[in-house]
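Asks: Compute the structure for the input listed below.
(one chain, ligands or ions: 1)
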Amino acid sequence: MKRWTAVLAAMLIVGCSPQDPADTSSRVEPAVPAKAPFKVASDRFADIEVLRYQVPGFEELSLKEKKLVYYLSQAALSGRDIIWDQNYRHNLLLRKTLSAIVRSYQGDRNGEPYRQLETYAKRVWFANGIHHHYSSQKMLPEFDAAAFKKLLSDTPRESLPLEHDQDISILLNTLSPVLFDPSVAPVKVSLDTSQDLLTSSASNFYRDVTQAEAEAFYAALKDPKDPRPVSWGLNSQLAKVDGVITERVWKKDGMYSHAIEHIIHWLKKAVKVAENPAQKDWLEKLIRYYESGDLRDFDAYNIAWVKDTESRADSVNGFIEVYGDPLGYRGSWESMVSIKDLEASHRIAAVAEQAQWFEDHSSIQDEHKKDNVVGISAKVITIVMEAGDAAPSTPIGVNLPNANWIRKEHGSKSVTLSNIIDAYQEAGAESGFHDEFMLTEDEKARHDEHGSLAYFLDVDLHEVIGHASGSINPGVGTPKETLKSYSSTLEEARADLVALYFLMDPKLIELGLVPSLDVGKASYDRQIRNGLMMQLQRLKLGDDIQEAHMRNRQLIAGWVYEKGLAENVVEKVSSNGKTYFQVRDYDKLRTLYGQLLREIQRIKSEGDYEAGKALVETYGVKVDQELHAEVLARAEPLNIAAYSGFIQPRLIAIEQEGEIVEVKIEYPDSFLDQMLEYEDEYSMLPIEN
Ligand code: ZN
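Replies: This is a model prediction of the structure:
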């Protein structure tokens, strides 16, 4: 809920201005050879495209700041193994086996079995395990069990993850069902409430514990009257040991200790070069939390972290998002290291400063408005390193911490990842995906001119104003309690609608944020185009929409389309056998967005489960089959990857006499090589945890 992910790399296409016009001067030779342009796209396999991002501003950092960023990045990479084990208990063994084959296979590397294995290995590396990073379904390899055995046999035994007295039969016995049996661990996170959510989920957050047992365990711990509840279960595996249900805590000397000790080592170095007392304070509190495993220490760290708004460098490092746990207790490990994007931060700060104005002028009912929108802190960051749950697939916006009471009392930090968005735009610029679904030259011109700004503002408003807006009526439970499985979709819809509602507000011109309302129009075009058509590209024909962000987008676009039919607000046009959705009346469309926002806020404020369910089920789940088939047919020749993620930069510390005298940044261009490098450098955990 607190993350904003790029649903389609292609969605972000903005048609950046083309290269400079050809040089018409008569000079023949530049004195210095022209620098090769930075290539964003790097690898393409299955439904994935791997990209690269740059880190503008890194070179301008002082040596001390560079050291800080280096230490935080090492702390990030040190925790990489944790997410693999969290995602599924046999992931580390499988990854080490696949990496060994890719590195050392002695057979024919052009043969089909090896090529299929390499593709499968890339998919697994990308997903941090055997389950698809987005759909959470198990990915099946194209090679079969016999081919796997041959691949293993043709790989030197000493490079495989085997003890001295073991042979490959142990790998075959453990991994064959994992690889080839569709009924083994079919889904990482089950949301099928007709089954036991824990025993039907493959993630490694629970061991031999049923849903009822886990719920009873936490019901006994929770104090519903506590205004500052601990985030129970966030940093542990819940396991039945000798018949007793117990938490195996992720901390120093606990579960995952090997990786956590390395994280602590690097965080301690970071403390020594902290920029200011506020930053030093949260770094020390984060270390204390990793050492104690006490979730109250985690709260203390978060409170200190929210207060640090002045530092140039920042990091998230810990067990953060709970999407990976069907019960929403346990945090997937992730890390992000960033530096502030000074120019863009100025823009988002201008939005944040007006939070109360936006709340006062929102279309929601007055009784659902907040009198005091507190503690919204927003900035734009440039990512330097991501690891764990945040890589290779990355969010493009983050709003933390997650504990509601901390957000309420101390505020939160909301960030937009500008260099990641830039990279998406570059990569998408020439794919032609948007063009395919735009009917008029007007729309294309608006997209070319304003698409980028429209997108950034959309993210800003969604994160900074959208998620912070609105209040829950007294006595009504949290949205998760009242709206249950519909709460994420409705929350994302609300945040999107707040953004949409204000994107056409003249206030944005007054604030100097946009040159004209054409920016808002470009946003509206895209919302309709994407919500009704483009996003279907990532769905298999016949499937319902499951993912919360996709549901919310279709819900919004489908609802306004239907409600505006009588007045032709959005027109369905058929041209040359192709379907288009064309906005005909932007002002009325804004009014409709506002009406839906008002209704969804009412549902949330009152905890109206039935109305929420009806909205999502009517507009957000089912897909128009004919339209869906058309989208797939039109997208096919463009070879668009449905998902994308990133190779990380490499930071190199140059030392003289034991002192770091410079930190260099490199941009590796092979995903495969980076994965093998990480296998060597950052394998911190044993295979069995
Ligand atoms: Zn969101």
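Asks: sec struct for residue 574, please.
Replies: strand (DSSP: H, G, I helix; E, B strand; the rest coil).
Asks: and it, what is it in contact with?
Replies: Contacts for residue 574 (CB atoms under 8 Å, 6 or more residues apart in numbering) come out as residue 580. Backbone N, C-alpha and C define where each C-beta goes, glycine included.
Asks: go on, the one 4 residues further on?
Replies: When contacts are counted by CB under 8 Å, 6+ apart, residue 578 is found next to 630, 634.
Asks: That one and residue 68: what is the separation?
Replies: Residue 578 is 53 Å from residue 68, where distance means CB to CB, to the nearest Å.
Asks: Please apply the same query to residue 418.
Replies: From residue 418 across to residue 68, the span is 20 Å (CB to CB).
Asks: Pick out whichever of these two has more residues nearby.
Replies: residue 68 (29 against 24; other CB atoms under 10 Å).
Asks: in which helix or strand would I find the more buried one?
Replies: Using DSSP states H and E, residue 68 sits in helix 63-78.
Asks: buried ones in stretch 295-310?
Replies: Within stretch 295-310, the residues scored as buried using 16 or more other CB atoms under 10 Å are 295, 297-308.
Asks: Confirm for me that residue 507 is in contact with residue 362.
Replies: No - in terms of CB atoms under 8 Å, residue 507 does not count as a neighbour of residue 362; the distance is 11.7 Å.
Asks: When these two are compared, which one has more neighbours?
Replies: Taking other CB under 10 Å, residue 507 and residue 362 do not tie; residue 362 has more neighbours (24 against 13).
Asks: mean confidence score for the lengthiest strand in the chain?
Replies: Looking across the chain with DSSP state E, the single longest strand is strand 376-388. In this model, strand 376-388 has an average pLDDT of 87.
Asks: neighbouring strands for it, and are they parallel or not?
Replies: With DSSP bridges as the test, strand 376-388 is paired with strand 332-340 (antiparallel), strand 412-417 (parallel).
Asks: Give me the buried positions along stretch 398-413.
Replies: In stretch 398-413, counting by 16+ other CB under 10 Å, buried: 398, 399, 400, 401, 402, 403, 406, 407, 410, 411, 412, 413.
Asks: Report the contact partners of the fifth one.
Replies: Residue 402 makes contact with 2, 231, 320, 321, 322 under the criterion CB under 8 Å, 6+ apart.
Asks: give me that answer again for 10 Å
Replies: 1, 2, 231, 234, 302, 320, 321, 322, 331, 412 (CB atoms under 10 Å, 6 or more residues apart in numbering).
Asks: Flag every buried residue along the host helix or strand of residue 281.
Replies: Using DSSP H and E, residue 281 maps to helix 277-292. Buried residues in helix 277-292, counted by 16+ other CB under 10 Å: 278-287, 289-291.
Asks: just checking, what packs against that helix?
Replies: Applying 3 or more CB pairs under 10 Å, 6 or more residues apart in numbering; DSSP states H and E, we find helix 277-292 packed against helix 63-78, helix 257-272, helix 295-307, strand 313-321.
Asks: Let's have these in CSV, adding mean pLDDT and distance to the ion.
Replies: What follows is the helices and strands packed on helix 277-292, written out as CSV (pLDDT from 0 to 100; distance: least, CB to the ion, whole Å):
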stretch, mean pLDDT, distance to the ion
helix 63-78, 98, 23
helix 257-272, 98, 28
helix 295-307, 97, 18
strand 313-321, 97, 12
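Asks: May I see those organised as CSV, with distance to residue 651 added?
Replies: Listed next are those as CSV, based on distance: least, CB to CB, whole Å:
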stretch, distance to residue 651
helix 63-78, 5
helix 257-272, 12
helix 295-307, 22
strand 313-321, 12
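Asks: re the thing from before, tell me the first helix or strand C-terminal of the helix holding residue 68.
Replies: Going down the chain from helix 63-78, the next helix or strand is helix 80-87, by DSSP H and E.
Asks: avg pLDDT for that next one?
Replies: 98.
Asks: I'd like to check the angle between that helix and helix 257-272, please.
Replies: Computed by axes from the mean of the first three to the mean of the last three CA atoms, to 10 degrees, the angle separating helix 80-87 from helix 257-272 equals 140 degrees.
Asks: re the thing from before, could you list the buried residues of the helix holding residue 68?
Replies: For helix 63-78, the neighbour count (16+ other CB under 10 Å) marks 65-78 as buried.
Asks: Same check on stretch 499-506?
Replies: 499, 500, 501, 502, 503, 504, 505.
Asks: with those residues in mind, which one is nearest to residue 548?
Replies: Proximity of those to residue 548 (CB to CB) peaks at residue 499, which lies at 16.0 Å.
Asks: what's that closest one in contact with, if anything?
Replies: Counting by CB under 10 Å, 6+ apart, residue 499 has contacts 457-466, 523, 527, 593, 597.
Asks: same thing with residue 510?
Replies: Contact partners of residue 510, counting by CB under 10 Å, 6+ apart, are residue 354.
Asks: distance of it from the ion?
Replies: 26 Å (CB to the ion, to the nearest Å).
Asks: before we move on, what about residue 236?
Replies: 27 Å.
Asks: Straight-line length of stretch 557-572, end to end?
Replies: Terminal residues of stretch 557-572 lie 12 Å apart, using CA to CA, to the nearest Å.
Asks: For the closest residue to residue 66 other than its chain neighbours, give me the backbone phi and psi.
Replies: Of all residues not flanking residue 66 in the chain, residue 663 sits nearest, at 3.9 Å (CB to CB, 6 or more residues apart in numbering). Main-chain dihedrals, residue 663, degrees, to the nearest 10: phi -120, psi 120.
Asks: beta partners of residue 663?
Replies: residue 653.
Asks: residues in contact with it?
Replies: Contacts of residue 663 (CB under 10 Å, 6+ apart): 58, 61, 63, 65-71, 73, 651-654.
Asks: pLDDT score for it?
Replies: 98.
Asks: Could you count how many residues lie near the residue in the stretch 51-200 of the chain that the ion sits nearest to?
Replies: Proximity of the stretch 51-200 of the chain to the ion (CB to the ion) peaks at residue 134, 15.9 Å away. Look at residue 134: counted by other CB under 10 Å, it has 16 neighbours.
Asks: All set, thanks.
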